[in-house]
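**Student:** only geometry, no sequence info:
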């Protein structure tokens, strides 16, 4: 049985906020990390899969360790994307709302820098930032970390390439004696090298929920398709998940745009998310997704970082991930907060040989998702066509005279007869075969 937050050393103001947020039981990474950060002085590496509460694992003790009587920046939290930065900033504000005078600033890219400069001129204790924007602020001498005691690298495995270029410049602004707290879902060689180069040799490593991502309540499945049927198979799957929320991952921005357009044409409630979109558009799409106004996100890997929506019931790898770490991050978007989820990977026949390698490297089991029959796919496309008609808005520019003439053509038909004729015409126009055939009986 896990210890309550009070036994981990969390202070009364934070306990009050957690209670109001209905956060009662610490996760494994929180149990292992919080006492360590509150009572020790070592650098810390925290390893835990996505959705296991890493933000609270470092955020709660950081809030408690801040000296609110001082106006200086005492902690810097680096994140790979603005979306994740916004999520962490909101979480810290929620956790710390009963701490008198606590001050947290978000300084991430994608928004105007001037308001951030003005914000940092005010008393600030914790800064949440993306590396690029932080470097910009440092070069403008808009931020002072000379007395900061803590540097947090969150989702470090997702920003290794960025950190290689900017970490030296950021660390140069920090006092020589500071604690580095690195959190990651995976531990590839590049992260091990970063730990060796930048963290103290007495670093303490904490691991939680690392046995297998299959233990998170995720069903890992794959489906083998021909390129020509890939979109139809996906739409068949999405129709079976109508009303549920999910994320479809593509490798490139172009692929995201193309797939999102096809889904929109077929009247799926979807939106696209990638780095080339303006921040305003990305924020609007994310808000629509969080509020349930759209059910499907089509996204690139980096754009989907920071998405913390509990009700995501499935993720689809429309393209096989390039790395095992990427698969971990994609899958981790579903089955959050103890829920169940499905990770479906769509592959072509020549990619099937890679599935056993993913199983071996990630220590999990994939099962084959049953591919729909050709007839089933055609029936699904016919239903999508019907939904397109149903969701088409009336064109009020069409003349009343023409409408009357068309109504005259159909006036003697019942609704059932009209549907029969529409279906027959659709089948004829698309040259498809969804007609039930009589079963031949053979004598023995």
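**Tutor:** Arrived safely, thanks for sending. Predicted model only: the values in this text are computed from it and were never measured.
**Student:** state the distance from residue 372 to residue 378.
**Tutor:** Using C-beta to C-beta, to the nearest Å, residue 372 is found at 10 Å from residue 378. Every C-beta, even on glycine, is put in place using the N, C-alpha and C of the backbone.
**Student:** repeat that for residue 223.
**Tutor:** Counting by C-beta to C-beta, the gap from residue 223 to residue 378 is 18 Å.
**Student:** residue 283 too?
**Tutor:** 39 Å.
**Student:** surely residue 194 meets residue 161?
**Tutor:** No - look at residue 194 against residue 161 with C-beta atoms under 8 Å: they stay out of range, at 11.0 Å.
**Student:** neighbour-wise, which of those two wins?
**Tutor:** Remark: of residue 194 and residue 161, residue 194 carries more neighbours, 22 against 9, as counted by other C-beta atoms under 10 Å.
**Student:** before we move on, which element is that one in?
**Tutor:** Element membership for residue 194 (DSSP states H and E) is helix 189-198.
**Student:** quick check: neighbours of the next helix or strand along the chain from that helix in the sheet, parallel or antiparallel?
**Tutor:** Using DSSP H and E, the next helix or strand after helix 189-198 towards the C-terminus is strand 204-208. Taking DSSP bridges as the criterion, strand 204-208 pairs within the sheet with strand 44-48 (parallel).
**Student:** after the strand it pairs with, next one along is what?
**Tutor:** Counting by DSSP H and E, what follows strand 44-48 is helix 54-65.
**Student:** off-centre distance for that following helix?
**Tutor:** Put simply, helix 54-65 sits 22 Å off its chain's centre (C-alpha atoms, centre = their mean, to the nearest Å).
**Student:** ok, now stretch 158-175?
**Tutor:** That offset, for stretch 158-175, works out to 24 Å (C-alpha atoms, centre = their mean).
**Student:** check stretch 78-98 too.
**Tutor:** 15 Å.
**Student:** that one: which residues count as buried?
**Tutor:** Within stretch 78-98, the residues scored as buried using 16 or more other C-beta atoms under 10 Å are 78-89, 91-92, 95-96.
**Student:** what does stretch 410-429 give?
**Tutor:** Buried residues in stretch 410-429, counting neighbours by 16+ other C-beta under 10 Å, are found at residue 426.
**Student:** and stretch 131-144, by the same measure?
**Tutor:** Neighbour count says stretch 131-144 has 131, 133-138, 142-143 buried, by 16+ other C-beta under 10 Å.
**Student:** contacts for stretch 222-240 next, please.
**Tutor:** Applying C-beta atoms under 8 Å, 6 or more residues apart in numbering, the contact partners of stretch 222-240 are 246, 248, 259, 262-263, 266, 268, 296, 316, 318, 344-349, 352, 355, 366-372, 376-377, 380-381, 383-384.
**Student:** which of the residues you listed fall in strands?
**Tutor:** 246, 248, 296, 316, 344-347, 367-368 (DSSP state E).
**Student:** neighbour-wise, which one of these leads?
**Tutor:** residue 248 (28 neighbours).
**Student:** now it: how far from residue 268?
**Tutor:** 10 Å.
**Student:** could you do residue 335 as well?
**Tutor:** With C-beta to C-beta as the criterion, residue 335 and residue 268 are 22 Å apart.
**Student:** again with residue 282
**Tutor:** Separation of residue 282 from residue 268 (C-beta to C-beta) stands at 19 Å.
**Student:** ok so, going back, tabulate the buried residues of stretch 131-144 (a markdown table), appending pLDDT and distance to residue 390.
**Tutor:** Formatted as a markdown table, the buried residues of stretch 131-144 follow (pLDDT from 0 to 100; distance: C-beta to C-beta, whole Å):
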| residue | pLDDT | distance to residue 390 |
| --- | --- | --- |
| 131 | 92 | 48 |
| 133 | 94 | 46 |
| 134 | 95 | 50 |
| 135 | 94 | 52 |
| 136 | 94 | 50 |
| 137 | 96 | 51 |
| 138 | 94 | 55 |
| 142 | 95 | 54 |
| 143 | 94 | 54 |
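**Student:** so what's the residue lying closest to residue 342 once chain neighbours are set aside bridging to?
**Tutor:** Sequence neighbours aside, residue 314 is the residue nearest to residue 342 in space, at 4.2 Å (criterion: C-beta to C-beta, 6 or more residues apart in numbering). When assigned by DSSP bridges, residue 314 has beta-bridge partners residue 246, residue 342.
**Student:** burial measure for residue 314, as a count.
**Tutor:** Under the criterion other C-beta under 10 Å, the count of neighbours that residue 314 has is 25.
**Student:** surely it meets residue 246?
**Tutor:** Yes - judged on C-beta under 8 Å, residue 314 makes contact with residue 246 at a distance of 4.1 Å.
**Student:** between these two, which contacts overlap?
**Tutor:** With C-beta under 8 Å, 6+ apart, residue 314 and residue 246 have common neighbours residue 334.
**Student:** longest helix of the protein?
**Tutor:** helix 374-391 (DSSP state H).
**Student:** average pLDDT across it?
**Tutor:** Taken as a whole, helix 374-391 has a mean pLDDT of 85.
**Student:** with stretch 268-278 instead?
**Tutor:** 88.
**Student:** poorly predicted segments of the stretch 1-150 of the chain, please.
**Tutor:** Scanning the stretch 1-150 of the chain for pLDDT under 70 picks out the ranges 1-2, 50-51.
**Student:** if we go to 90?
**Tutor:** 1-4, 6, 21-28, 47-54, 80-84, 86-87, 109-111 (pLDDT under 90).
**Student:** just the strands in it please.
**Tutor:** Along the stretch 1-150 of the chain, counting by DSSP state E, counting those that start in this stretch, strands occupy 44-48, 75-78, 104-107, 126-129, 150-153.
**Student:** what would the ones you listed look like in TSV with distance to residue 403?
**Tutor:** Formatted as TSV, the strands of the stretch 1-150 of the chain follow (distance: least, C-beta to C-beta, whole Å):
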stretch	distance to residue 403
strand 44-48	62
strand 75-78	61
strand 104-107	54
strand 126-129	57
strand 150-153	64
